[in-house]
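Peer 1: How does the following fold in three dimensions:
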Amino acid sequence: MQVDEAVLAETTEIRQAHMFDTGALESYLLAHAPGFKGPLTVRQFKGGQSNPTFFLISPSGQYVMRKKPPGKLLPSAHQVEREYKAIAALGQTNVPVARAVALCEDAEVIGTAFYVMEHVSGRIFRDPTLPGMDPAERSAIYDAMNDVMARLHKVDYQAVGLGDFGKPGNYFDRQIGRWIKQYEAAQTEVVEPMNDLIAWLPKNIPADDSVSIAHGDYRLENSIFHPTEPRMIALLDWELATIGHPLADLAYNCMLYHYESPSMGSLLSAGAKGGIPSEADYVADYCRRTGRDGIAEWDFYLAFSMFRLASISQGVYKRGLDGNASSENATQYGSACRMLAECAWSQVAHRA
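Peer 2: Okay, the predicted model is just below:
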């Protein structure tokens with residue numbers, strides 16, 4: 001069997017903080033994963049700030065495992081069971097996802113719950129400006145990302161078995177409350193723009209109460225594209241997925257038009273890169289695909305998305321301080337929360 005060398009290069013030996021019994025994992029897969037054969041080799045992906053992710057190599061194929069991190073976890077975070085449920089359900093739709101292989105909710109097997117999915121071989125674009133590509137390729141890749149997001153939001157979530165995946169309606173009210181609690185549980189210093197957002201956001205939720213599957217972390221880096229074609233073949237990282245509001249995904253997907261992210265890059269100067277659509281054109285394409293006639297209060301959706309990511313960043317930073325983060329560079333996220341909060345508040349401060 002040919003091992004994907006490009007993927008192998010993005011892995012390391014299992015880090016000390018995330019060691020587990022790989023023999024127990026192999027035994028579980030032999031019993032529960034159809035067609036699986038040993039022996040099993042396990043490597044850990046270098047990236048990933050939340051759920052530790054591993055590359056599994058065996059004679060029967062290559063797989064990816066995601067598990068909960070060790071240590072004390074924030075409430076409602078790291079629900080790998082939900083990730084598995086999402087990809088298993090969407091496997092029957094036109095939304096491209098990796099094939100679900102096995103879910104283990106018994107923490108006795110390797111120390112935490114985990115799931116395994118098929119490894120999908122293709123291209124992952126880490127830099128949103130797509131350096132080295134011609135304008136036509138950039139345009140096609142962004143159009144594909146836009147198209148898959150629209151497809152996801154048009155899925156009948158009840159028909160695919162996700163009727164109990166979240167509470168339909170009132171999404172922003174619930175989410176704002178959740179991320180306020182998550183932020184306060186992980187807070188390490190006073191960040192004034194976060195306090196401003198905590199006061200302003202709950203009082204300014206738009207009337208639009210659309211409902212769809214919401215991915216929660218919809219961005220270019222969380223997808224795999226065909227090795228040679230501008231076609232998305234797998235949408236990854238479903239940890240934050242729920243039954244939510246489609247415009248939360250769209251605004252999150254457009255955040256890089258507004259700020260410089262140390263970890264995700266930026267589209268602030270996207271106009272200098274031929275082929276990458278402007279934010280206005282990208283949003284218009286999404287509206288065309290989903291039958292929307294424009295979007296009112298776009299600034300709220302952007303501010304909410306940045307606020308939520310600020311809260312997530314603070315959680316990553318706190319786990320880094322506590323020594324149980326999924327990635328070795330988690331403590332670098334200390335400044336991310338403040339930067340995101342400042343950018344979020346700048347979107348809506350004129351309305352305060």
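Peer 1: State the mean pLDDT of the biggest helix by length in the chain.
Peer 2: Identified as the longest helix of the chain according to DSSP state H is helix 298-322. Mean pLDDT, helix 298-322: 91.
Peer 1: by contact count, what packs against that helix?
Peer 2: With contacts defined as 3 or more C-beta pairs under 8 Å, 6 or more residues apart in numbering; DSSP states H and E, helix 298-322 has these neighbours: helix 171-186, helix 192-200, helix 246-254, helix 336-348. Placement of C-beta: from N, CA and C, glycine included.
Peer 1: out of those helices, deepest packed?
Peer 2: helix 246-254 (a mean of 24; mean count of other C-beta atoms under 10 Å).
Peer 1: Report the rounded mean pLDDT for that helix.
Peer 2: 98.
Peer 1: contacts for the helix or strand just after it?
Peer 2: Per DSSP states H and E, the first helix or strand lying C-terminal to helix 246-254 is helix 279-290. Helix 279-290 is contacted from outside by 142-143, 146-147, 149-150, 153-154, 246, 250, 254, 257, 267, 277, 292-295, 298, using C-beta atoms under 8 Å, 6 or more residues apart in numbering.
Peer 1: circling back: let me have the helices and strands packed on helix 298-322 in CSV, extended by distance to D237.
Peer 2: Formatted as CSV, the helices and strands packed on helix 298-322 follow (distance: least, C-beta to C-beta, whole Å):
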stretch, distance to D237
helix 171-186, 18
helix 192-200, 24
helix 246-254, 12
helix 336-348, 18
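Peer 1: so how far is stretch 136-152 off the chain centroid?
Peer 2: Centroid displacement of stretch 136-152 relative to its chain, using C-alpha atoms, centre = their mean, to the nearest Å, is 17 Å.
Peer 1: got the contact list for D143?
Peer 2: 230, 277, 285.
Peer 1: between these, which is closest to A336?
Peer 2: Nearest to A336 out of the contacts of D143 is P277 (C-beta to C-beta; 26.1 Å).
Peer 1: how many other residues sit next to the closest one?
Peer 2: 19 (other C-beta atoms under 10 Å).
Peer 1: Against V120, how distant is the residue lying closest to it once chain neighbours are set aside?
Peer 2: Spatial nearest neighbour of P277, chain neighbours left out: Y142 (5.6 Å); criterion: C-beta to C-beta, 6 or more residues apart in numbering. Distance check for Y142 against V120: by C-beta to C-beta, to the nearest Å, it reads 20 Å.
Peer 1: For M65, what is the enclosing helix or strand?
Peer 2: Assessed by DSSP H and E, M65 sits inside strand 61-67.
Peer 1: Provide the contact partners of the helix or strand following that strand at residue level.
Peer 2: Moving toward the C-terminus from strand 61-67, the next helix or strand (DSSP H and E) is helix 80-90. Helix 80-90 has contacts (C-beta under 8 Å, 6+ apart) with 51, 66-68, 97-98, 100, 103, 105, 113-115, 117, 152, 155, 160-162, 165, 213, 237-239, 241-242.
Peer 1: same deal with stretch 195-211?
Peer 2: So stretch 195-211 is in contact with 168-173, 176-177, 180, 183, 243-247, 296-297, 300-301, 303-304, 307, 341, 344-345, 348-349, 351-352, going by C-beta under 8 Å, 6+ apart.
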